[in-house]
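Participant: Give me a 3D structure for the following:
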Amino acid sequence: MNHRDIRESCCEANRLLPATGLVDLTFGNVSVLDRSAGLFAIKPSGVDYADLTPDQIVIVDLEGKVVEGSLRPSSDTPTHRYLYRAFAGISSVVHTHSRNAVAFAQALRPLPCLGTTHADHFRGDVPVTRHMTPAEIGGDYEWETGKVIAEAFGKIDPLEVPAVLVAGHGPFAWGGSAPKAVEYALALEICSEMALKTLSLESAIAQLPEHLREKHFQRKHGRNAYYGQS
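Facilitator: Numbering: from 1, shown residues only. Okay, here's the model as predicted:
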């Protein structure tokens, strides 16, 4: 099997990253999971997005073995693999170094929910991880990155806050499909830019009131959601 569906979905999603302004150079990657098969497709390391084709996409199993593909998979593959194992219900992971989200990651600050744009996508603050220890960095670094991401969630539902800021590094986002994961990565960057501008005007601004946050999140994602078309 050549797993054409996830190869094509993965290729298309990766090509969206520069189109949306989420990446510079080759600083980003998308993977797409076929959970029933226990396999995911991921961008090959260092390949320019404009040159990327479905046939270049690498297929990896959830144990980390390359199943199909002649190119080396993204260096972030172990992080994607850890997240698929840790977060049931996700089918795609996006990693970028989008500039405004990276600013929060480098400042070790969670992205606060200051407005309804944020609440439409994330049910509360987007968490930031702790810094990794020398032992974690010196070991299986990318796998350990996945571990600290999962650790940062604690009681947070990763399906309600589908993104994270890795301390000193950058954002990861995920979703039930590749387009949705890219959408969350883009929403994260937009909300990060809005938050930076808001905090530059008023550093002591209060977070969005919970009742307004819940209204916006629930009308789009709740049981009785009414945003958009059925």
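
Participant: Leaving out sequence neighbours, find the closest residue to Gly69.
Facilitator: Excluding the flanking residues, the one nearest Gly69 by Cβ to Cβ, 6 or more residues apart in numbering is Val58, at 3.5 Å. The way it works is simple: take the backbone N, C-alpha and C, and place the C-beta from them, glycine included.

Participant: Could you pull out the strands in the chain for me?
Facilitator: Taking DSSP state E as the test, the strands found in the chain are 28-34, 39-42, 58-61, 66-68, 92-96, 163-166, 170-175.

Participant: Identify whichever of those strands lies nearest to Pro127.
Facilitator: Among the strands of the chain, strand 163-166 comes nearest to Pro127, with 5.8 Å by Cβ to Cβ.

Participant: Read off the pLDDT value for the residue most central in space within the chain.
Facilitator: Nearest to the geometric centre of the chain sits Ala173, at 1.4 Å (Cα atoms, centre = their mean). We note a pLDDT of 98 for Ala173 in this prediction.

Participant: Tell me how far it lies from Arg130.
Facilitator: The spacing between Ala173 and Arg130, counted by Cβ to Cβ, to the nearest Å, is 19 Å.

Participant: quick one on the thing from earlier: count residues in the vicinity of the residue nearest to Gly69, would you?
Facilitator: If you count neighbours by other Cβ atoms under 10 Å, Val58 ends up with 24.

Participant: that older thread, please work out which of the strands of the chain is packed deepest.
Facilitator: Comparing the strands of the chain by mean neighbour count (mean count of other Cβ atoms under 10 Å), strand 92-96 ranks first with a mean of 29.

Participant: What is the least confident helix or strand in this protein?
Facilitator: None of the helices or strands of the chain scores lower by mean pLDDT, DSSP states H and E than helix 210-221, at a mean of 88.

Participant: Does that helix pack against any helices or strands, and if so which?
Facilitator: helix 116-119 (3 or more Cβ pairs under 8 Å, 6 or more residues apart in numbering; DSSP states H and E).

Participant: Report the rounded mean pLDDT for the helix it packs on.
Facilitator: Computed over helix 116-119, the mean pLDDT rounds to 96.

Participant: what sits up against that helix?
Facilitator: The contact list for helix 116-119, computed with Cβ atoms under 8 Å, 6 or more residues apart in numbering, reads 111-113, 187, 190-191, 194-195, 208, 212-217.

Participant: Which among those count as buried?
Facilitator: The neighbour count (16 or more other Cβ atoms under 10 Å) marks Leu111, Pro112, Cys113, Ala187, Ile190, Cys191, Met194, Ala195, Leu208, Arg213, His216, Phe217 as buried among the contacts of helix 116-119.

Participant: Among the residues you listed, which lie within helices?
Facilitator: In helices, defined here by DSSP state H, the members of the buried ones among the contacts of helix 116-119 are Ala187, Ile190, Cys191, Met194, Ala195, Arg213, His216, Phe217.
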